[in-house]
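> Sequence below, structure please.
(one chain, ligands or ions: 1)
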Amino acid sequence: MSRAPASTLTVRQVRQIGGEISVPGDKSLSHRAVLFSALADGTTVIDGFLPGEDCVCTMRALQAMGCVIEVESKTRLIVHGTDGKLRPPLEPLDCGNSGTAMRLMAGVLAGQPFSSRLIGDASLSSRPMKRIVDPLVKMGAKIKGKGDKHTAPLEIEGGPLIGIDYTMPVASAQLKSCLLLAGLFAQGTTSVTEKTPSRDHTERLLAYFHAPPVIDLKPDGKGKTVRVRGGSRLHGRDFTVPGDFSSAAFWIAGAAALPGSDLTITKLGLNGTRTGLLSVLLRMGAHIHETISDSSCEPYGTVRVYGRKLRGTKISGAEIANVIDELPIIAVIGALAEGPTEIRDAKELRVKETDRIAAMATNLRAFGITVDEHDDGMTVHGGAALKGAKVGSFGDHRIAMACAILGLFAKGETTIEETGCIATSYPTFEQDLRKVAQFQETGFAAMLSGNR
Ligand code: S3P
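Residues are numbered from 1 along each chain as shown. Prediction:
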C-alpha cells in the first residue's frame, strides 16, 4: 500500500472543542461489511464505508479474487457477491497496515481451494500471526508465516478444514473473527470461546447476513461461546456503516476534559462492546449524554459531551478489551486529569501498529508529563503544566491523533511528525479538527497547519 509522503500536523492551544459533527464510517464494520457481502450471494449496497487505507486494502484484495465491487463514491460501494466462490489471486494480497484485513482474510483463505500469500507493510510484518496460525492449523489449514511468531508474509495453501472447539488465549476480535470465518468453510461446527468479551461485530453481521451464529453466554456473564456451522451461506443485504466510535473518541475525550466545551457527535456507532471509553470518562467525572436511536443490527445514535475538569482513574481487567483502541487517548486524558491514571492488563498494546505503551510514554514525557511505564500498561501523572512538543507518530494513526489532541491543551506549538498514517483509519481527521477546535486566538489557518 502506498503511503502519503512524510507529512506533519501542527496545532496550538484551543479554548473549546465544540459544535456538531459526524465522523467517518467504522473501520471494523467497513472491513466486515465488504468481506461478508463479497462472500454472500446477491448484491449489497454499503453506505458509509470508511475509505481509509486499511479498509481499501480489504476491498482491493476481494476485487483481486474476482469480486465485482462498484465504487459509486468513496463511501458507497455496490458489492456483487461471489456466493463464497472467490478466484485465486494472481498476486500477493496486500493488507497494508491492517491487522484486521490480514487476520480476517487468512480465516477465509485457509478454506479456499487455492493458494494465496498475504503481505503487509513493515509494521504489520512484525505483528504476531501465531495466534491465528496455531488454531487454523488445528482445523487442518496449511498456513505459515516467518519464524516462531509466524509473522507476515503468510503463505496459505487453501484446502479442506474441520471444525474445532477453541478457547482463545487472548481477548481478540480479530482472532475470534478469523476462526468463525474459517468455520464457515469447515466441515462440522466450529466453536470459539472467549473468556473476556471482545467487540462482537462479526457475530452481529453474520446474523444480519442470514447466517446467525449460536451464542452461549457464560452463566457468570464473563465471556461466551460462539458457534458457526460449516457450509452456512451468507445472503447479501444493504448495510449502512455508522460512524467509528474509535475516531469519535478523540473528540469526545478532548471535549470531556476541556471545561466549557459542548460537543455533539451524530450517527455514531454505539455498540456496547466498543463504548467503554464513555464509562471510563464518567468515572473520571465527565458529563456525557448518550442517546441510542437504533439497535437493529449495530446500535448507533448521538453522544453529547460537556467539558469539565476530570480526575484520574484505573483501567484494567475485562474493561481493557472494550477500550483497546482508545488507550492512547485515555493516556492523554490521564495527563489532563487531576491525579494518577493507571492502565494495567494491556500488554496487547505492545503488539498493535506500534508498541503503544512505549510510544505514548515517550510522547507524553515530551509534553512535560511524568509517566511510569509498566510491562502491561502505564501510570500517567496528570495535572502538570503542558508545554507544546515536537513528537513522532511512530507510524501509528492513533498515536498521531492522540498527541494532536494533547497539543490542543499545551502552551505553544505542537508538531506531530509523519502523520500520513492517520489516513489508515481517519482520512478527514484534519478537516474535522478544523470544525470542532475553537482556537484561543483568531486567524485559524495560522493555528493549524498540515503539509500533506
Ligand atoms: C479489531 C479488533 C481489535 C482492534 C482493531 C480492530 C477488529 O484488535 O484493536 O483496531 O476489527 O476486529 P484485536 O482484536 O486484535 O484486539
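
> Around the closest residue to R117 other than its chain neighbours, count how many other residues there are.
Residue nearest to R117 in three dimensions, not counting chain neighbours: P92, with 4.1 Å by C-beta to C-beta, 6 or more residues apart in numbering. The way it works is simple: take the backbone N, C-alpha and C, and place the C-beta from them, glycine included. Residues lying near P92 (other C-beta atoms under 10 Å) number 17.

> Check whether P92 really touches G120, as I assumed.
No - at 9.8 Å, P92 does not count as touching G120 under the criterion of C-beta atoms under 8 Å.

> joint contacts of those two?
P153 (C-beta atoms under 8 Å, 6 or more residues apart in numbering).

> so how far is C403 from the residue nearest to R117?
33 Å (C-beta to C-beta, to the nearest Å).

> how about the nearest residue to T275, chain neighbours excluded?
Counting by C-beta to C-beta, 6+ apart, the residue nearest T275 is F245, at 5.9 Å.

> same question, R311
E338 (4.8 Å).

> gap between the one you found and E319?
Distance from E338 to E319, by C-beta to C-beta: 21 Å.

> element containing E72?
Using DSSP states H and E, E72 sits within strand 68-73.

> So T100, which state does it fall into?
helix (DSSP: H, G, I helix; E, B strand; the rest coil).

> residues contacting it?
T100 makes contact with K27, S28, H31, D54, T58, Q174, according to C-beta under 8 Å, 6+ apart.

> again, only using 10 Å
Residues counted as contacts of T100 (C-beta atoms under 10 Å, 6 or more residues apart in numbering) are 27-28, 30-32, 35, 54-55, 57-58, 173-174, 177-178.

> Can you pick out the ones from those that are in helices?
Mapping those onto helices (DSSP state H) picks out 27-28, 30-32, 35, 54-55, 57-58, 173-174, 177-178.

> would you list every one of the helices in the chain?
Listed in chain order, the helices of the chain (DSSP H) span 27-39, 53-64, 99-109, 130-138, 173-184, 201-208, 245-257, 276-283, 319-322, 327-336, 356-366, 397-407, 429-436, 444-447.

> how about those helices in a markdown table, adding distance to D83?
Formatted as a markdown table, the helices of the chain follow (distance: least, C-beta to C-beta, whole Å):
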| stretch | distance to D83 |
| --- | --- |
| helix 27-39 | 8 |
| helix 53-64 | 13 |
| helix 99-109 | 14 |
| helix 130-138 | 23 |
| helix 173-184 | 12 |
| helix 201-208 | 16 |
| helix 245-257 | 32 |
| helix 276-283 | 37 |
| helix 319-322 | 33 |
| helix 327-336 | 40 |
| helix 356-366 | 40 |
| helix 397-407 | 34 |
| helix 429-436 | 37 |
| helix 444-447 | 51 |
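
> Which of the ones you listed comes out lowest on mean pLDDT?
Least confident of the helices of the chain, judged by mean pLDDT, is helix 444-447 with a mean of 45.

> which bits of the protein sit near the ligand?
Taking C-beta under 6 Å from any ligand atom as the measure of proximity, the chain contacts the ligand at S28, T100, S172, A173, Q174, S177, S198, R199, I324, D325, E348.

> How much space separates the last one from L93?
Distance of E348 to L93, computed by C-beta to C-beta: 25 Å.

> Same drill for the two, tell me which one is more crowded.
Counted by other C-beta under 10 Å, E348 and L93 do not tie: L93 has more neighbours, with 25 against 17.

> Report the contact partners of that one.
When contacts are taken as C-beta under 10 Å, 6+ apart, L93 is in contact with 57-58, 60-62, 64-65, 101-102, 105-106, 109, 116-120, 153-154, 156.

> Type out the PyMOL command that picks the buried ones from these.
To isolate the buried ones among the contacts of L93 in PyMOL, judged by 16 or more other C-beta atoms under 10 Å, type:
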select buried, resi 57+58+60+61+62+64+65+101+102+105+106+109+116+118+119+120+153+154+156
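
> what about stretch 362-374, how long is it end to end?
Distance between the boundary residues of stretch 362-374 (C-alpha to C-alpha, to the nearest Å) amounts to 13 Å.

> swap in stretch 261-274?
23 Å.

> do the same with stretch 273-287
Using C-alpha to C-alpha, the two ends of stretch 273-287 sit 21 Å apart.

> ok, now stretch 219-230?
OK, stretch 219-230 end separation, C-alpha to C-alpha: 27 Å.

> Give me the buried stretch members for that stretch, please.
For stretch 219-230, the neighbour count (16+ other C-beta under 10 Å) marks G223, K224, T225, V226, R227, V228, R229, G230 as buried.

> Check stretch 314-323 too.
Within stretch 314-323, the residues scored as buried using 16+ other C-beta under 10 Å are I315, E319, I320, A321, N322, V323.

> Throw those residues into CSV and include distance to H287, thanks.
As requested, these are arranged in CSV below (distance: C-beta to C-beta, whole Å):
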residue, distance to H287
I315, 19
E319, 21
I320, 25
A321, 26
N322, 21
V323, 19
